[in-house]
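[1] any chance you could fold what I've pasted below:
(one chain, ligands or ions: 1)
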Amino acid sequence: MGLCGMAILNVVEWPAKVLETRANEVAVFNGELRQFVSDMFDTMEKAGGIGLAANQVDRLVRVLVIHISSKNEEPEDIRDWHDKKFVFINPSITSKKGKTKYLEGCLSFPEQYDYVDRAAEVTLVYKDEWGKDHSLEADGLFAICLQHELDHIDGVVFTSRMSRLKSGRIRKKMLQRNQISDMDEEG
Ligand code: NI
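    The predicted structure follows:
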């Protein structure tokens, strides 16, 4: 694969084990990593997502990308984080503030949506794809998306943040979708 090539990676669906496994810190910041980040953006855009974590493309590294379009927003609701491509490597939340709730979806749980409680604002430290350190404060949908993707690299899927009833309903639908039969759940 050439360095300027575009590659669409395969997005894995739950119950793939990689989605519930903690990803490893990135130690080497090289061209291969930057190509992987570029492929993650291509994959996310094609799938119509606003965020993607490396676990979702079957790689256990602490890399996530976010790109939230402003195209459905009223002009007064457009924020500085809209329409920007963000890369977060080895991210870590240093503080959380407030509470919010949002109807979340996930590319690894197609067509499944439910409300998840999150912090309203987060502060985090992270590296970019060149290994440079950054810190950032996020709110709104950007903060929600960051917490969802950070969970992914910790091996935590969004159903784990729901009630047992809601989580069970979504997991059952996913098992049916992937044709994994469980007679105990059929009754
Ligand atoms: Ni997700």
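[2] show me the contacts for the residue nearest the centre of the chain.
    Note on the chain: the residue nearest the mean C-alpha position is E149, at 3.0 Å, using C-alpha atoms, centre = their mean. Residues in contact with E149 (C-beta atoms under 8 Å, 6 or more residues apart in numbering) are 51-53, 64, 66, 88. All C-beta atoms are positioned from the backbone trio N, CA, C, and that covers glycine.
[3] tell me which of those fall in strands.
    Using DSSP state E to define strands, the subset of those located there is 51-53, 64, 66, 88.
[4] residues contacting stretch 160-173, please?
    With C-beta under 8 Å, 6+ apart, stretch 160-173 has contacts from 14-15, 109, 112, 114-118, 151, 159, 185.
[5] report the buried residues of it.
    Neighbour-count burial for stretch 160-173 flags 161-162, 167, 170-171 (criterion: 16 or more other C-beta atoms under 10 Å).
[6] please identify which of these is nearest to W81.
    Taking C-beta to C-beta as the measure, W81 lies nearest R161 of the buried residues of stretch 160-173, at 22.1 Å.
[7] wait, which of the buried residues of stretch 160-173 is closest to K96?
    R161 (13.8 Å).
[8] what pLDDT is listed against the closest one?
    As predicted, R161 sits at a pLDDT of 96.
[9] gap between it and L33?
    According to C-beta to C-beta, to the nearest Å, R161 stands 29 Å off from L33.
[10] same question for K71.
    30 Å.
[11] for these two, work out which one has more neighbours and name it.
    The neighbour comparison of K71 against L33 (other C-beta atoms under 10 Å) goes to L33, with 19 against 8.
[12] just checking, the more buried one touches A27?
    No. When contacts are counted by C-beta atoms under 8 Å, L33 is not listed as touching A27 (9.9 Å).
[13] mean confidence for the longest helix along the chain?
    Counting by DSSP state H, the longest helix found in the chain is helix 31-47. Averaging pLDDT along helix 31-47 gives 97.
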